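Peer 1: Predicted model and sequence below, questions to follow.
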6 protein chains.
Amino acid sequence: MDDYQAGIEILRKMLGTERAEAVVERFKSLSPAFEKEAVSVVFGRTWSRSTIDLKTRSLCSIGILASLGRLNALKINFTLAMENGASLEEIVEALLQVAIYAGYPAALDALVLLDETVKSSRKEP
Amino acid sequence: MDDYQAGIEILRKMLGTERAEAVVERFKSLSPAFEKEAVSVVFGRTWSRSTIDLKTRSLCSIGILASLGRLNALKINFTLAMENGASLEEIVEALLQVAIYAGYPAALDALVLLDETVKSSRKEP
Amino acid sequence: MDDYQAGIEILRKMLGTERAEAVVERFKSLSPAFEKEAVSVVFGRTWSRSTIDLKTRSLCSIGILASLGRLNALKINFTLAMENGASLEEIVEALLQVAIYAGYPAALDALVLLDETVKSSRKEP
Amino acid sequence: MDDYQAGIEILRKMLGTERAEAVVERFKSLSPAFEKEAVSVVFGRTWSRSTIDLKTRSLCSIGILASLGRLNALKINFTLAMENGASLEEIVEALLQVAIYAGYPAALDALVLLDETVKSSRKEP
Amino acid sequence: MDDYQAGIEILRKMLGTERAEAVVERFKSLSPAFEKEAVSVVFGRTWSRSTIDLKTRSLCSIGILASLGRLNALKINFTLAMENGASLEEIVEALLQVAIYAGYPAALDALVLLDETVKSSRKEP
Amino acid sequence: MDDYQAGIEILRKMLGTERAEAVVERFKSLSPAFEKEAVSVVFGRTWSRSTIDLKTRSLCSIGILASLGRLNALKINFTLAMENGASLEEIVEALLQVAIYAGYPAALDALVLLDETVKSSRKEP
């Protein structure tokens, strides 16, 4: 199995077929070259690794992305984290670690986005 | 127990009395005002929280600090992570997550520091 | 007086009771745990310190937040700065210092937000 | 010719008179002091330099701005890059270099903005 | 008086002729083109402005540079701040504002550098 | 040819066999897992792409890495840029673009490192 196929597999495992497809289609509509790289490298080569479990990997990812203020990927990672078994309380707890190490404003920006993400996902049937 | 005392407690629990003391004295020599705030807020109010365990908190912290390139705190956190039960492999794994989300160069800078930290700790009796 | 109460006090002193309440409620709606930490640490432990006056503290804060692109906290700090006696000219002057030290684009992003903040505050009765 | 006038010249050369004017007016509406500095320093003193050609300068600029997440200047620079002879494929290629060196999420945020910029420019007559 | 000359003037006013010269020579040895731009833009066009006084400008600058971890310029700015009338206590106070808004580790890195700067300046006759 | 092998090829093409080996060995000594990912993704999948030439890719990379302050990768990229045909003047020119878009202090930190890199390479036989 090549990197791209491995990326599709792990995305489906974490998000279900339908939402995995939506992420891939969104990337492809922005740039097919980026989509190929992101699926192969981010998901196929890296998220599919072992050593740390998916939930821990998710909480680390949220810490990284909130610190850097990368909002599109952070939004996807809030969903990934919840699908990987992290509770809202655990996500907030990771953001409190962001507060001391990257500043309270980085945590605030992330919490505003988390709030929007949770509210919009509740509206879905 | 006030925040400062709680900070000293959790530092001792994680690092042992001697090394906890060394961190506190280092901070105090730089600035007593900073030492009071860092011990009380970073350790007393935040590291002593529950919801996520110390090892997960450590791996998140490494992700945040490596992404931002904060080298002094990252060095302390490599030691904290190992004391909190993270293996070298797990720390490297968190840094591979840094590679995709903050760039491979952020992971490289962190790995250079990790290498120095591990080597200097081996020289201690 | 504990840190949280000190935070509420300084917020009220700077913003007036009503707007202080609005900030606290906004934080609480995002996460009660974050609200407790932000009020206690950011406002209670730090903004209530002396040594530098509130206006200087505000201009420093704007410099920090504009450099890092933390938009939610920057918006609150534009209001805080004006309440702490900074004129629009002085805020812009701090942003020109941001321009040389963090790049002109960081100042531009901040000025776009400042413009929105000033315009929306004028619409209030 | 002074720095400001040189800035206006290079802006007109790259964007045409009408769009150059629009950028200058936008800056002026935010802050006349900022407009004077940005036109004189960014465009007059720097963009008008030689040694590297305008297209290469544009691709470097996109790399810098995408890495730092400076969205207002990045949007202007997508237009500048296309006017300076960069194809969409070359811009995406610069963003793939951003992906490995600043993280795939930095490239994603930039691609979302590029998509909006291209779509809104197509709507213009 | 042109921008470059204005830059030399303000540098001399803040640092005295000898240390101003040392900064300029250091920049020139790295790159004459950079030296010309830095002296003209950073010092001639920006530091020589009024609206906020030199001490406030210094404390803002320290906030910006500590947040971004720009160590060479931060070191120069610690000296500038002290020459512009800021006490060590006021500099530390600005760094406590950095702690809450950019994270305690950003303040720690800056304090380590401040400590080195103060110690090396004491060794001078 | 797989990604890893493609990475070794492009590294050898750009740096010559001996120096390519030195980079790979350095990465391997820090972490074999990181070395495999960095060679495969950074060099094999990305640097070996076409659309923009190696010199332009180098100047973009320097812009990105100087903006983020990633010093270990920046040092390698100064060497890569010179091997890919960029003159010192062109590298400095890219750093002047960094000055306006990421701040003059980011360019200063990079120039200090460039100076060290050039000096240490001259000492080699």
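Peer 2: Arrived safely.
Peer 1: for chain A, what spans make up the helices?
Peer 2: Secondary structure of chain A (DSSP state H): helices located at A:3-30, A:32-37, A:54-68, A:71-83, A:88-102, A:104-123.
Peer 1: right, is the first one up against chain D?
Peer 2: Yes: part of helix A:3-30 sits near chain D under the criterion C-beta under 8 Å from any C-beta of the partner chain, namely A:F27, A:S29, A:L30. For glycine as for every other residue, the C-beta is placed from the backbone atoms N, C-alpha and C.
Peer 1: And that helix, how far out from the chain middle?
Peer 2: Distance of helix A:3-30 from its chain centroid, counting by C-alpha atoms, centre = their mean, to the nearest Å, is 12 Å.
Peer 1: Packed most tightly, which of the helices of chain A would that be?
Peer 2: Sort the helices of chain A by mean neighbour count, taking mean count of other C-beta atoms under 10 Å in any protein chain shown, and helix A:54-68 sits at the top with a mean of 27.
Peer 1: May I have that helix as CSV, with CA atoms only?
Peer 2: C-alpha atoms of helix A:54-68 as CSV (Å, rounded to 0.1, in the frame of the first residue of the first chain):
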residue,chain,number,x,y,z
LEU,A,54,-4.4,8.5,18.2
LYS,A,55,-5.9,10.4,21.1
THR,A,56,-2.5,11.5,22.4
ARG,A,57,-1.5,12.4,18.8
SER,A,58,-4.7,14.5,18.6
LEU,A,59,-4.0,16.4,21.8
CYS,A,60,-0.4,17.1,20.7
SER,A,61,-1.7,18.3,17.3
ILE,A,62,-4.2,20.7,19.0
GLY,A,63,-1.3,22.1,21.1
ILE,A,64,0.8,22.7,18.0
LEU,A,65,-1.9,24.2,15.8
ALA,A,66,-3.3,26.4,18.5
SER,A,67,0.2,27.8,19.3
LEU,A,68,0.7,28.7,15.7
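Peer 1: need the residues of chain A near chain B, please.
Peer 2: Counting by C-beta under 8 Å from any C-beta, chain A sits next to chain B at A:41-42, A:46, A:49, A:51-52, A:56-57, A:59-65, A:67-68, A:70, A:73, A:89-90, A:93-94, A:96-102.
Peer 1: Quick one: residues contacting A:L30.
Peer 2: D:L108, D:L111, D:V112, D:L114, D:D115 (C-beta atoms under 8 Å, 6 or more residues apart in numbering or on different chains).
Peer 1: Make TSV out of the helices of chain A and add mean pLDDT and distance to D:M82.
Peer 2: Formatted as TSV, those follow (pLDDT from 0 to 100; distance: least, C-beta to C-beta, whole Å):
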stretch	mean pLDDT	distance to D:M82
helix A:3-30	98	17
helix A:32-37	98	18
helix A:54-68	98	27
helix A:71-83	98	22
helix A:88-102	98	35
helix A:104-123	94	30
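Peer 1: of all those, which lies closest to B:G7?
Peer 2: Each of those has some distance to B:G7 by C-beta to C-beta; the shortest is helix A:88-102, at 11.4 Å.
Peer 1: does chain C sit close to the closest one?
Peer 2: Yes: interface with chain C: helix A:88-102 contributes A:V92, A:E93, A:L95, A:L96, A:A99 (C-beta under 8 Å from any C-beta).
Peer 1: give me the number of residues near A:T51?
Peer 2: Burial of A:T51 is recorded as 15 neighbouring residues (other C-beta atoms under 10 Å in any protein chain shown).
Peer 1: Ignoring the adjacent residues along the chain, who's closest to it?
Peer 2: Nearest residue to A:T51, sequence neighbours excluded (C-beta to C-beta, 6 or more residues apart in numbering or on different chains): B:E93, at 4.2 Å.
Peer 1: Touching, that neighbour and A:I52? I think so.
Peer 2: Yes: with contact defined as C-beta atoms under 8 Å, B:E93 counts as touching A:I52 (4.8 Å).
Peer 1: Please work out the residue of chain A nearest to chain F and name it.
Peer 2: Going by C-beta to the nearest C-beta, chain F is nearest to A:V41 of chain A, at 5.2 Å.
Peer 1: check contacts around that residue.
Peer 2: Contacts of A:V41 by C-beta under 8 Å, 6+ apart are A:D3, A:G7, B:I100, D:Y104, F:V41, F:R45.
Peer 1: Check A:D2 too.
Peer 2: A:S40, A:G44.
Peer 1: Then A:L111?
Peer 2: Per C-beta under 8 Å, 6+ apart, neighbours of A:L111: A:V92, A:L95, C:L30, C:S31, C:F34.
Peer 1: now swap in A:E9 and tell me
Peer 2: Neighbours of A:E9 in contact, by C-beta under 8 Å, 6+ apart: A:M1, A:S48.
Peer 1: For the residue positioned nearest the centre of chain A, which non-adjacent residue is spatially closest?
Peer 2: When C-alpha atoms, centre = their mean is applied to chain A, the residue found nearest the centroid is A:N77 (1.7 Å). For A:N77, ignoring the flanking residues on the chain, the nearest one in space by C-beta to C-beta, 6+ apart is A:S61 at 4.9 Å.
Peer 1: Perfect, I'm done here.
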